[in-house]
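**Student:** What follows is a predicted protein model with its sequence.
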Amino acid sequence: MTFNTDARELKVLLVRPGPHAETIGLQYVMKVEPLELEVLAAVLPENCCPVIADMIMEKASIEEIIHREKPQVVCVTGYITNVPEMLEYCRLAKVFNSGIVTICGGVHCEVCPEDLESPYVDFRVIRETITSFRKLFGHIQGSGPKPEGVLGIKETSGLPLAAVDPASYPVFPRRDLTEKYRDKYFYIFHHPVALLKTAFGCPYSCNFCFCRKITGGRYAERALEQVIAEIESIAEEHIYIVDDDFLFSRERLTGFIEALRERKIRKTFLVYGRADFIAKNPDIIKSFREVGLKTVIVGIESVFEQELAAYSKNTSLEINREAIRVLKENSVDCFATVILSPDWGREEFVECGRQLRDMGITYVNLQPFTPLPGTDIRIPDSEVTVSRQDYHKWDLAHVTVRPKKLSEREYYGEIIRLYRRILFRPGTIFGYIRTYPIKMLLKMLLGSTMVYRQYRQKMKEAGHA
């Protein structure tokens, strides 16, 4: 399938799907830019005219957008929860014009490309995504072979997973293409927010983690000079660094902090970081706070030592507590994530709430243990309660593994109660009011209410099962 290579302009529609109503949670407390599409738009050949449609933000339907833009190529990316929408968007593109070339990508497509195999999907980008994506357009226009990292219809690949080559990453993603959405992008209390990627993969080996699997266990960093140049080009005050673990190298962080000081860059940063690094490097946290560190998302994972050991986390309760202490001492907010084991009963939920309160945690993301396809987790099929093809429910919020001590309905009820114990204590609420603008507090209250309703619905469904 080729286009006339003499064409002056090739209209390329890049689409991020909106969430399904069944998917719990995140769409109500965060809406961030589709950085992956902005990156791909930046590496397209010069004769391409890219348009980004963010269906999380759009009021128009995908059919209306396809009819309006009349693209020759439609590219769709997403996570496991977006698989049905990705396939449907490609189908609708073909219905509008069978000559439209359809391309699917994203982290789930890289790990499980068979889920995106469809007669409506011409190409699936699964390896060396940025380089392969650009080369694919040469192939589409008849000027080169199909890249090795791209699958056609009914093709399979034995290529190993690999990290993105940092040299292929553009210094300036096409943020101009999301201009009409940008004032509405936020992450919890950070608004307006832009995303920044400085490294690919994770240098650690937690066995439950999907992040390290999509890069084949490899870790690669962008040049610090390019990262700083990109930061200087970002208009938003808040920057969410979406590396799987930004707090990793003392040397790199020291260089990053010094560059912010030298360039007099004034931004607020939200990052992911491991508790062991925070606990061992309080001086780095202090210096980073002085140049804009506001929030660290910390994988507490569990309040039980045996579970931390089983997750290959290489950390401990003592380390977690010290990390929280260091963050609080430096006035850095901690957004904690906790994995809820299917082995838990009411006593474990109560103990988790007690320990999180003792640590001073005021914001938490509770994630029922989820054996995502592609990770090292192996759960017997008899214990998995959600079909592998029920994609919308693989959101790290649904109960996908049968609880051992509680009914599914009771388990959802304990999740709700644990959220209440952490998020809605009077002292916590007064702290929010003193710290954050009322507009963001109302947005979070509305979002929390919507998540609560979803969990209540799950309880009803489980009660009728």
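**Tutor:** Structure's in. What do you need?
**Student:** distance of residue 66 from residue 397?
**Tutor:** 31 Å (Cβ to Cβ, to the nearest Å). To be clear about C-beta, it is placed using only N, CA and C from the backbone, and glycine gets the same treatment.
**Student:** ugh, typo on my part, it should be residue 14
**Tutor:** Taken as Cβ to Cβ, the span from residue 14 to residue 397 is 27 Å.
**Student:** okay, those two: which has more neighbours?
**Tutor:** In this view residue 14 and residue 397 are compared by other Cβ atoms under 10 Å, and residue 14 has more residues nearby, 26 against 22.
**Student:** That one should be in a strand, yeah?
**Tutor:** Yes. Counting by DSSP: H, G, I helix; E, B strand; the rest coil, residue 14 is part of a strand.
**Student:** hang on, it packs against residue 50?
**Tutor:** Yes. Counting by Cβ atoms under 8 Å, residue 14 does reach residue 50; the two are 6.0 Å apart.
**Student:** Quick check: neighbours shared by those two?
**Tutor:** Residues touching both residue 14 and residue 50 by Cβ atoms under 8 Å, 6 or more residues apart in numbering: 40, 41, 177.
**Student:** and the last one, helix, strand or coil?
**Tutor:** So that's residue 177. Applying three-state DSSP to residue 177 yields a three-state assignment of helix.
**Student:** What pLDDT is listed against it?
**Tutor:** Per-residue pLDDT puts residue 177 at 98.
**Student:** residues near it, how many?
**Tutor:** Using other Cβ under 10 Å: residue 177 sits among 20 other residues.
**Student:** residues contacting it?
**Tutor:** Contact analysis of residue 177 by Cβ under 8 Å, 6+ apart lists 14, 37, 38, 41, 50, 51, 52.
**Student:** Give me the distance between it and residue 240.
**Tutor:** According to Cβ to Cβ, residue 177 and residue 240 sit 19 Å apart.
**Student:** do the second one as well
**Tutor:** Noted for residue 41: a distance of 19 Å to residue 240, by Cβ to Cβ.
**Student:** Please apply the same query to residue 174.
**Tutor:** Taking Cβ to Cβ, one finds residue 174 at 18 Å from residue 240.
**Student:** Compare these two (neighbour count), which wins?
**Tutor:** Neighbour comparison, residue 174 and residue 240: the larger count goes to residue 240, with 25 against 19 (by other Cβ under 10 Å).
**Student:** partners of the host helix or strand of the more buried one, with directions?
**Tutor:** Using DSSP states H and E, residue 240 sits within strand 238-241. Its sheet considered, strand 238-241 pairs with strand 193-196 (parallel), strand 268-273 (parallel) by DSSP bridges.
**Student:** Could you list the low-pLDDT ranges of the stretch 201-350 of the chain?
**Tutor:** 204-217 (pLDDT under 70).
**Student:** Quick one: the strands in it, in order.
**Tutor:** 220-221, 238-241, 268-273, 293-301, 333-340 (DSSP state E, counting those that start in this stretch).
**Student:** Show me the chain divided up by domain.
**Tutor:** 10-151, 168-464 (automatic domain parsing).
**Student:** Dump those to CSV, plus distance to residue 157.
**Tutor:** Below are the domains of the chain laid out as CSV (distance: least, Cβ to Cβ, whole Å):
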stretch, distance to residue 157
domain 10-151, 6
domain 168-464, 13
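**Student:** For residue 30, give me the backbone phi and psi.
**Tutor:** Residue 30 adopts backbone torsions of phi -160, psi 140, taken as degrees, to the nearest 10.
**Student:** and it, what pLDDT?
**Tutor:** Predicted confidence (pLDDT) at residue 30: the value is 92.
**Student:** Who's the closest spatial neighbour of it, skipping the chain neighbours?
**Tutor:** In space, and not counting its chain neighbours, residue 30 is closest to residue 187: 4.6 Å by Cβ to Cβ, 6 or more residues apart in numbering.
**Student:** Bridged to the one you found, which residues?
**Tutor:** Beta-bridge partners of residue 187, counted by DSSP bridges, are residue 30, residue 190.
**Student:** That one and residue 26 touch, don't they?
**Tutor:** No. Residue 187 lies out of contact with residue 26 (Cβ under 8 Å); the separation is 9.7 Å.
**Student:** what about those two, which has more around it?
**Tutor:** Taking other Cβ under 10 Å, residue 187 and residue 26 do not tie; residue 187 has more neighbours (21 against 18).
**Student:** got a list of what that one touches?
**Tutor:** Contact partners of residue 187, counting by Cβ under 8 Å, 6+ apart, are 30, 32, 193, 238, 240, 270.
**Student:** For burial, what's the neighbour tally of the third one?
**Tutor:** What it means is residue 193. For residue 193, the tally of surrounding residues (other Cβ under 10 Å) stands at 23.
**Student:** Disregarding residues adjacent in the polypeptide, which is nearest to it?
**Tutor:** residue 238 (4.3 Å).
**Student:** bridging residues for the one you found?
**Tutor:** residue 193, residue 268.
**Student:** Can you give the contact residues for the strand holding residue 240?
**Tutor:** 32, 187, 190-198, 231, 267-272, 294.
**Student:** Check those for burial and list the buried ones.
**Tutor:** Buried members of the contacts of strand 238-241, scored by 16 or more other Cβ atoms under 10 Å, are 32, 187, 190-191, 193-198, 231, 267, 269-272, 294.
**Student:** re the thing from before, starting at the chain centroid, how far to the strand holding residue 240?
**Tutor:** 13 Å (Cα atoms, centre = their mean, to the nearest Å).
**Student:** do stretch 142-152 as well
**Tutor:** Taking Cα atoms, centre = their mean, the mean C-alpha location of stretch 142-152 is offset from the chain mean by 28 Å.
**Student:** In it, which residues are buried?
**Tutor:** For stretch 142-152, using 16+ other Cβ under 10 Å, the buried residues are 146, 147, 149, 150, 151.
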